[in-house]
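Undergrad: Give me a model of this one.
(one chain, ligands or ions: 1)
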Amino acid sequence: MDKKEDFPALGSLEKKKDANQQSNQKNKKKEDKKEDEKKEEVNTETQKPVEEVKKAKLKATVRTFVPKSSVPKEPVKINYYIPHEEPTLAEMDYFPTLGGPAPTAPVVSDAQIRHSEFLERHELFKPYICLIPKELWYVPQEYIDMYGFPIMSLLPELYAYLWNTYNIFFTPDAQWQTNSSTVMSTLGELWTHAEWRDRIIAKEQKEIEEWEREMREWEEENLEDEDGVSIDEMDSYGKGKKNKKNKKKKKDDKGKRPPPPPPKSLSSYKRFEKKKDETVVPKKNIGFKEVSEITFEEEVVEVDETRQPSSLVFIGHVDAGKSTICGNLMFMTGMVDERTTEKFKQEAKEKNRDSWWLAYVMDINDDEKSKGKTVEVGRATMETPTKRYTIFDAPGHKNYVPDMIMGAAMADVAALVISARKGEFEAGFERDGQTREHAQLARSLGVSKLVVVVNKMDEETVQWNEARYNDIVSGVTPFLIEQCGYKREDLIFIPISGLNGQNIEKLTPACTWYQGPTLIEILDNIEPPKRNADGPLRVPVLDKMKDRGVVAFGKVESGVIKIGSKLAVMPNNLKCQVVGIYNCKLELVRYANPGENIQIKVRMIDDENLINKGDVLCPYDNLAPLTDLFEAELSILELLPHRPIITPGYKSMMHLHTISDEIVIQTLAGVYELDGSGKEYLKKNPKYCKSGSKVIVKISTRVPVCLEKYEFIEHMGRFTLRDEGRTIALGKVLRYKPTVVKKVEEIPSNVEGDQAKDEESKTASFEYTGSETTLFQNEKKYDVLVYDPEEDTIVTSSNAAEYTE
Ligand SMILES: Nc1nc2c(ncn2[C@@H]2O[C@H](COP(=O)(O)OP(=O)(O)OP(=O)(O)O)[C@@H](O)[C@H]2O)c(=O)[nH]1
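TA: Have a look, this model is predicted:
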């Protein structure tokens, strides 16, 4: 068989291959000869059938493409997945199956893109979109025998080409090897694509013929004239009643049977097409209502689309004046009325703390707390002509850093409050002062813009002294840029007096040397980070309460949440439906855009303890990924003096969106180092890492957690590690090993009320694989996750394979 004729795409491969071939030609010839001789001997000795000898020869031919001398330094991973069943010709177009750099670039189909997006999202592999034309695939018979269905693979020529050019190859058990004997064993028994194709064509042809025959029979039975005589019978009509009677009897026996279903080869292609619709109209009936069936207890308010939502957190050392500034902001923007102001003033006076009345404004949520709302961070709202702010007043004391982290996790913009008062700035900026830690944490939690508010400028020891202000600015700037990672242009400085309200709304004549914008102007001018309204809905839960139904608090990180949205609470995969959305002013609205801090009232969950901080609300048919093992880039800050290095097994607390839990660093995959010319490179498998280094690590969590890749949804892919109350590292999730969630079984639509709930609680439980301690003892024991294109989900995990290269 002439391969070039059969597989035109090989032409270009052949050319490139020639160079390699020539250099090794002599050796190869010798080898071939030896190999052939060997095979001949075996043949005469064992009297093996000619077929087997042929295959052995093919093996030998393949070997000639593999240079024995070159052992690749770093094998490159080619990725593939296993088709769910024997593909038809039509389906073959749908299987990207193999990815990898290839010299030819055929058209990539929508389905291939969809699949690769799916695979990437679920971290099955980083897809090199399939550039390999299907003519270059083959199916090894041994795979068919082993799995009972074929696994598509590469033609040996392409295999050899990839090996020669890119040092790429793979083996049947999905472990990537670096020696040529493994390649040889993989190539083993093989079918060419043409043989494979012929076989399928013959099989499908047979199926279609069979179906056509059945169809003809069925039509004969059903196509009758008005007298109940079939078309075929027309010829013999009138020749004798017996015939007609017999025919009638036959028809009665069979009844009206349905037409025979078309063979898979005709329907399978359509099956993929149909899938698109199915994702829009969920087929499961698990107790969701139509939106029109949802009734409201309060008046629904139109969503304010004229003002951008913005979340602002005030951070900084204890007593820097955060609450006072927040209070004054609320007061100045008219959020607190006269009566309330008087009340707070009176209260502060009674406690002999006159100057604290503004700070009391932030305790406005006190009575909410008594109702059961337990958001530890002070929360308020304020409006300017262009923005709607949710303000978080984070506690400054170091014992409350986890609460501060919660506040910062919800915020887009942070205002770092620094007291200019003599001694206070210095105390806050010391090693253990919260100015440093808060600034670092805010950065790691996704706050990219930092307004540095130099407060208490009115104070006796300062008196609007420009030199003092400049000292503070030049003191903190290098730290913020070098150690926290802010860019110079993301830092905005302003001198104010939170107590007197100077420079907050209007510039004060007491400070003629500052002519920049006021604090409110600065805040209004900050562009909120871009969030993806078209992305999958993700709302990390900050808190919950029961108020005539279960209510969850959270910020929409991606997507749009609507009344009627059918959700799942992950990781428990509990189904629920949105019946109320309350904006930051606690008004009932129909929907909330990404970036909004909201309260979500749900039905179908009656016990508020089933929703917890750290859970994620997501569409029930597009679940947030769940994992207990992920790979991350860590920027190590300063490690503890008595634990000065990180090695595998290092335990610490992780803060990721609203999750706080213990993690273990399982492996150090690489550390970034500088080479002689000052260029950064990744040194693989370091034994340990120190303060100040940037490393790639694998991290395991105690229980599966919901997260996203940093590049997919930033706010759900960045985290902080803390040890003994000190922040030791900032991290970004690069990829994760998905944990398989059990599919929710269908509840029959006729099951109603309590029975439906019982059914739901039975079926809503989740199940995950992994988490076994053995997982980490042998790195190669990670599960292979198999993608089911029919369900658009990962259906099982089996076999052994590494998930990272
Ligand atoms: N002179 C002067 N005093 C201020 C100013 N801002 C705040 N204070 C005082 O500083 C003290 C602490 O203020 P808070 O607003 O409670 O400080 P905080 O940062 O919220 O404190 P924590 O919440 O405990 O971290 C209070 O006595 C305030 O009156 C200011 O601009 N000038």
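Undergrad: Could you find the closest non-adjacent residue to L588?
TA: By the measure of C-beta to C-beta, 6 or more residues apart in numbering, the closest residue to L588 outside its immediate chain neighbours is E298, 4.7 Å from it. The way it works is simple: take the backbone N, C-alpha and C, and place the C-beta from them, glycine included.
Undergrad: Pull up the per-residue confidence for that neighbour.
TA: Listed pLDDT for E298 reads 76.
Undergrad: Is E383 bridged to anything, and to what?
TA: When assigned by DSSP bridges, E383 has beta-bridge partners R388.
Undergrad: What is the burial count for it?
TA: Using other C-beta atoms under 10 Å, the number of residues around E383 comes to 15.
Undergrad: My read is that it contacts M330, right?
TA: No. Between E383 and M330 there is no contact under C-beta atoms under 8 Å: 10.2 Å.
Undergrad: follow-up on the earlier one: what's the burial count for the residue nearest to L588?
TA: E298: 10 neighbours (other C-beta under 10 Å).
Undergrad: repeat for G678
TA: 6.
Undergrad: same question, A592
TA: A592 has 27 nearby residues by other C-beta under 10 Å.
Undergrad: From the ligand, how far off is it?
TA: Distance from A592 to the ligand, counting by C-beta to the nearest ligand atom, to the nearest Å: 29 Å.
Undergrad: Please look at that residue and Y582 and confirm they touch.
TA: No. Proximity of A592 to Y582 does not meet the contact threshold set by C-beta under 8 Å, at 9.1 Å.
Undergrad: okay, and the common contacts of those two?
TA: I598 (C-beta atoms under 8 Å, 6 or more residues apart in numbering).
Undergrad: follow-up on the earlier one: secondary structure class for the residue nearest to L588?
TA: Here E298 is recorded as coil under DSSP: H, G, I helix; E, B strand; the rest coil.
Undergrad: How are the strands of the stretch 651-800 of the chain distributed by residue range?
TA: 651-656, 659-674, 680-684, 689-690, 694-706, 718-723, 726-738, 784-788, 793-798 (DSSP state E, counting those that start in this stretch).
Undergrad: now those strands as TSV including mean pLDDT?
TA: TSV is the format used below for the strands of the stretch 651-800 of the chain (pLDDT from 0 to 100):
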stretch	mean pLDDT
strand 651-656	89
strand 659-674	88
strand 680-684	84
strand 689-690	87
strand 694-706	89
strand 718-723	86
strand 726-738	85
strand 784-788	38
strand 793-798	38
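Undergrad: want to throw those strands into a markdown table with mean neighbour count?
TA: Formatted as a markdown table, these follow (neighbours: other C-beta atoms under 10 Å):
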| stretch | mean neighbour count |
| --- | --- |
| strand 651-656 | 21 |
| strand 659-674 | 18 |
| strand 680-684 | 11 |
| strand 689-690 | 19 |
| strand 694-706 | 21 |
| strand 718-723 | 23 |
| strand 726-738 | 23 |
| strand 784-788 | 19 |
| strand 793-798 | 16 |
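Undergrad: Dump these into CSV; add distance to R436 as well.
TA: Converted to CSV, the strands of the stretch 651-800 of the chain look like this (distance: least, C-beta to C-beta, whole Å):
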stretch, distance to R436
strand 651-656, 17
strand 659-674, 20
strand 680-684, 26
strand 689-690, 19
strand 694-706, 19
strand 718-723, 14
strand 726-738, 9
strand 784-788, 42
strand 793-798, 43
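Undergrad: for those strands, which one sits closest to the ligand?
TA: Among the strands of the stretch 651-800 of the chain, strand 726-738 comes nearest to the ligand, with 17.5 Å by C-beta to the nearest ligand atom.
Undergrad: Between strand 659-674 and that closest one, find me the angle.
TA: 90 degrees (axes from the mean of the first three to the mean of the last three C-alpha atoms, to 10 degrees).
Undergrad: Each with direction, which strands does strand 726-738 pair with?
TA: By DSSP bridges, strand 726-738 pairs with strand 626-636 (antiparallel), strand 718-723 (antiparallel).
Undergrad: between these, which gets nearest to R257?
TA: For R257, the closest of the strands paired with strand 726-738 is strand 626-636, at 46.1 Å, according to C-beta to C-beta.
Undergrad: so what does the following helix or strand past the closest one touch, helix or strand wise?
TA: Proceeding N to C from strand 626-636, the next assigned helix or strand is strand 645-646, under DSSP states H and E. Other helices and strands packing on strand 645-646, by 3 or more C-beta pairs under 8 Å, 6 or more residues apart in numbering; DSSP states H and E, are strand 689-690.
Undergrad: The same query, at a cut-off of 10 Å, please.
TA: Other helices and strands packing on strand 645-646, by 3 or more C-beta pairs under 10 Å, 6 or more residues apart in numbering; DSSP states H and E, are strand 626-636, strand 689-690.
Undergrad: highest average neighbour count across the ones you listed?
TA: strand 626-636 (a mean of 22; mean count of other C-beta atoms under 10 Å).
Undergrad: relative to strand 651-656, how tilted is that strand?
TA: 100 degrees.
Undergrad: Please work out the average pLDDT along strand 626-636.
TA: Strand 626-636 comes out at a mean pLDDT of 89.
Undergrad: Same check on stretch 496-507?
TA: On average, stretch 496-507 scores 91.
Undergrad: Kindly report the same for stretch 329-344.
TA: 73.
Undergrad: Quick check: can you list the domain ranges of the protein?
TA: 308-525, 539-619, 626-738 (the TED database).
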